[in-house]
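# can't give you the sequence, but here's the structure:
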């Protein structure tokens with residue numbers, strides 16, 4: 001019985017994967033022409049927005065898709081393995097760049113491309129992408145700094161990454177500690193755990209059962225509700241970004257992280273340190289100082305929480321999110337000369 005209760009506690013606040021697959025697979029097997037004839041109507045939503053919403057939508061479309069008019073798509077596979085494929089090749093068993101595509105990436109890509117002719121071409125790179133491909137490609141993640149023009153962002157694996165919470169606990173009533181649960185595998189995460197695992201202001205745990213070097217770190221995953229009992233929640237990037245950042249910023253707790261090196265549809269590169277989240281140094285040496293500061297300056301902590309909540313709110317309107325995704329794809333096709 002305890003295992004069943006734990007399962008339901010852990011799944012609370014998280015998106016239903018069963019519902020996600022059921023809805024998207026039904027959409028996947030529907031004849032594509034049904035979606036193509038509705039594209040104009042869906043894009044017309046833009047005209048019905050007020051000026052502030054229009055400005056926001058255009059700003060986000062241009063942020064995700066930085067391709068310039070006249071961008072040329074290569075006909076052959078680029079030296080880094082990136083290549084263009086027809087929209088019609090986005091199938092559950094598609095082989096892109098020599099490996100089997102993950103179903104969530106396929107379904108989320110198809111969610112946007114099914115409204116366009118299957119003859120259109122684009123690059124697709126699935127996975128935790130931390131480099132800029134030579135072929136202009138749709139990706140889940142990209143580097144924040146440098147010329148990332150060829151990395152065109154789409155909301156991929158959104159069922160895992162775009163989770164929000166309704167946190168009814170006030171900041172002042174929470175434990176004055178930092179909580180962190182993560183799959184500790186990368187060197188920077190291992191370093192953080194080595195520094196702070198036994199720290200009195202931290203409750204840390206590792207969910208990676210294959211990390212043999214520190215068995216004392218191993219714990220079960222913690223339900224989101226238990227995270228929300230703490231004033232500070234650790235949001236260290238993994239292979240690309242911290243997957244918990246979205247729901248943490250929608251809560252009444254503070255996200256604690258270093259400046260993000262990579263970004264996704266969440267536009268992590270636009271987040272302002274100590275305005276949207278509590279910023280710590282890349283070597284993590286100032287963690288205790290930063291926690292104590294916001295414990296003693298609760299008014300500033302509450303200001304960050306308000307800013308974070310407001311930032312998250314722009315992603316909550318599903319119709320506008322879909323519109324932006326379609327406009328990102330449309331801009332890709334226009335600027336590559338296919339429309």
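Noted; the coordinates are in hand. Everything numeric in this text was worked out from a predicted model, so none of it was measured.

# what about residue 301, how many residues close to it?
Around residue 301 there are 21 other residues, counting by other CB atoms under 10 Å. For glycine as for every other residue, the C-beta is placed from the backbone atoms N, C-alpha and C.

# wait, isn't it in contact with residue 254?
Yes: in this structure, residue 301 is within contact of residue 254 by CB atoms under 8 Å, at 6.0 Å.

# Please identify every residue contacting each of the two.
Contact criterion CB atoms under 8 Å, 6 or more residues apart in numbering; residues shared by residue 301 and residue 254: 171, 231, 294.

# check contacts around the nearest residue to the second one once chain neighbours are set aside.
This points to residue 231. Nearest residue to residue 231, sequence neighbours excluded (CB to CB, 6 or more residues apart in numbering): residue 174, at 4.5 Å. Listed by CB under 8 Å, 6+ apart, the contact partners of residue 174 are 228-231, 252-253.

# before we move on, what about residue 208?
With CB under 8 Å, 6+ apart, residue 208 has these contacts: 183-185, 218.

# Before we move on, what's the pLDDT of it?
Note for residue 208: predicted pLDDT of 94.

# Without its sequence neighbours, what residue ends up closest to residue 119?
Spatial nearest neighbour of residue 119, chain neighbours left out: residue 86 (6.1 Å); criterion: CB to CB, 6+ apart.

# Write down the beta-bridge partners of the one you found, one by one.
residue 121 (DSSP bridges).

# distance of it from residue 118?
6 Å (CB to CB, to the nearest Å).

# for the protein, which spans come out with low pLDDT?
1-15, 91-101 (pLDDT under 70).

# what's the longest helix in it?
Longest helix of the chain, by residue count under DSSP state H: helix 318-335.

# Report all helices and strands that that helix contacts.
Contacts defined by 3 or more CB pairs under 8 Å, 6 or more residues apart in numbering; DSSP states H and E place helix 318-335 against helix 39-43, helix 51-64, helix 103-113, strand 121-124, strand 151-153.

# closest to residue 307 out of the ones you listed?
Across the helices and strands packed on helix 318-335, residue 307 has its closest neighbour in helix 51-64 (16.3 Å, CB to CB).

# just the angle between the closest one and helix 318-335, please?
Helix 51-64 and helix 318-335 meet at an angle of 50 degrees, taking axes from the mean of the first three to the mean of the last three CA atoms, to 10 degrees as the criterion.

# any idea how far helix 51-64 is from the chain center?
19 Å (CA atoms, centre = their mean, to the nearest Å).

# Please spell out which residues along that helix are buried.
53, 57, 60-61, 63-64 (16 or more other CB atoms under 10 Å).

# got a list of contacts for that helix?
46, 49, 152-154, 265, 267, 270, 314, 320, 323-324, 327-328, 331.

# Identify the residue nearest residue 261 in space, chain neighbours excluded?
Nearest-residue entry for residue 261: residue 144, 6.1 Å, with adjacent residues in sequence omitted and distances by CB to CB, 6+ apart.

# measure the one you found to residue 111 for me?
Residue 144 is 25 Å from residue 111, by CB to CB.

# follow-up on the earlier one: any idea how many residues pack against the residue nearest to residue 119?
Neighbours of residue 86 (other CB under 10 Å): 13.

# Farthest-apart pair in the contacts of helix 51-64, please.
49 and 152 (22.5 Å).
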